[in-house]
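Q: can't give you the sequence, but here's the structure:
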């Protein structure tokens, strides 16, 4: 199962994804997390030691251009670059999970059709997973990645939304674009929830009920400020990660 997560900046998508990754790991799944945010901090969230040693794929400009088949002065790319060796070469193992960091996937001189997003897209479409394997993709905030088609090959998109009108507006825009690029399953996940009124506000604004609600957790905020991995906290998000995982597994079973 390949799952991507998106949403407005500051809604906590990386934290939700880290907790979900940890829940899948505890259930016995083989977990690969891909941090595709231009400002990556999944490594810190998971507690990877010396995250600066991880070399983002996006830094390897020459290799990526070669893999994409782009020549200087040409707007054309090879849409099927070879990436088999990259799948292992750039993974780091941490606490029973694997992590890859893409790095910045958009710069002003490349526009949308950049080598980095092309290679990531190829990775996602090439990955053939067993029932015991899960890939979790932490996307950049906003909707630009949907326009680039970066998450082609994803089975399920999670859109994290907090109880605010601006967050709901962004979430609905992400959903519309995700439908346009024909992502099979799209679901909302509520975050920073304090009470039933917050849940009702989101359900009314979104027109549907999120498949999980993550609480506004003081322990998570404290852990992030002290750079403590959120995966080290016990029950910081109550049963939300487990409920989210169950909803995803059920959704996959239903096809």
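A: Looks like it arrived, so ask away. Since this is a predicted model, take the numbers as computed values, not measurements.
Q: So which residues of the stretch 1-150 of the chain form strands?
A: For the stretch 1-150 of the chain, applying DSSP state E, counting those that start in this stretch gives strands covering 2-7, 30-36, 92-94, 97-101, 133-139.
Q: Can you tell me the element residue 158 falls in?
A: Element membership of residue 158, judged by DSSP states H and E, is strand 156-161.
Q: so how far is that strand off the chain centroid?
A: On the basis of C-alpha atoms, centre = their mean, to the nearest Å, strand 156-161 is displaced by 9 Å from the centre of the chain it belongs to.
Q: So which residues make contact with it?
A: Applying C-beta atoms under 8 Å, 6 or more residues apart in numbering, the contact partners of strand 156-161 are 1-8, 11-13, 16, 151, 167-168, 170-171, 174-175, 178, 183-191, 202, 206, 210, 244, 248, 251-252. C-betas here are computed from N, CA, C, even on glycine.
Q: Name the residues of stretch 162-178 that are buried.
A: When burial is assessed from 16 or more other C-beta atoms under 10 Å, stretch 162-178 yields the following buried residues: 162-164, 167-168, 170-172, 174-175, 177-178.
Q: which one of those is nearest residue 32?
A: Of all the buried residues of stretch 162-178, the one with the least separation from residue 32 (C-beta to C-beta) is residue 178, at 21.4 Å.
Q: Give the next helix or strand downstream of the helix or strand hosting that closest one.
A: When elements are defined using DSSP H and E, residue 178 is found to belong to helix 165-180. Secondary structure here is assigned by DSSP H and E; on that basis, the next helix or strand after helix 165-180 toward the C-terminus is strand 185-193.
Q: Could you list the residues in contact with that following strand?
A: Residues outside strand 185-193 that contact it (C-beta under 8 Å, 6+ apart) are 5, 11-13, 15-16, 155-163, 171, 175, 178-179, 198-199, 202, 206, 208, 210-216, 244, 247, 251.
Q: re earlier: do you know which of the strands of the stretch 1-150 of the chain lies nearest residue 42?
A: Using C-beta to C-beta and comparing those, the one that lies nearest residue 42 is strand 30-36, at 3.9 Å.
Q: in the closest one, what counts as buried?
A: Neighbour-count burial for strand 30-36, counted by 16+ other C-beta under 10 Å, picks out 31-36.
Q: All the helices of the chain, residue numbers only.
A: Assigned by DSSP state H, the chain shows helices spanning 13-26, 42-46, 61-68, 84-89, 115-126, 144-148, 165-180, 196-206, 218-225, 240-254.
Q: just checking, what packs against the last one?
A: Helix 240-254 is packed against helix 13-26, strand 156-161, strand 185-193, strand 212-215, with contacts defined by 3 or more C-beta pairs under 8 Å, 6 or more residues apart in numbering; DSSP states H and E.
Q: quick one, which of the ones you listed is packed in tightest?
A: With neighbours taken as mean count of other C-beta atoms under 10 Å, the helices and strands packed on helix 240-254 reach their highest mean count in strand 156-161, at a mean of 26.
Q: State the mean pLDDT of that strand.
A: Averaged across strand 156-161, pLDDT comes to 96.
Q: Parallel or antiparallel, which strands does that strand pair with?
A: The sheet places strand 156-161 alongside strand 2-7 (parallel), strand 185-193 (parallel), with pairing taken from DSSP bridges.
Q: that older thread, what about the helices and strands packed on helix 240-254, which gets the closest to residue 222?
A: Nearest to residue 222 among the helices and strands packed on helix 240-254 is helix 13-26 (12.5 Å), distances taken as C-beta to C-beta.
Q: show me where pLDDT drops low in the protein?
A: Along the chain, the model assigns pLDDT under 70 to residues 38-39, 57-87, 103-128, 142-152, 255.
Q: tell me the contacts of the spatially most central residue of it?
A: With distances taken as C-alpha atoms, centre = their mean, residue 138 lies nearest the centre of the chain, 1.9 Å away. Contacts were defined as C-beta under 8 Å, 6+ apart; by that measure residue 138 touches 4-5, 13-14, 17, 33-37, 40, 42.
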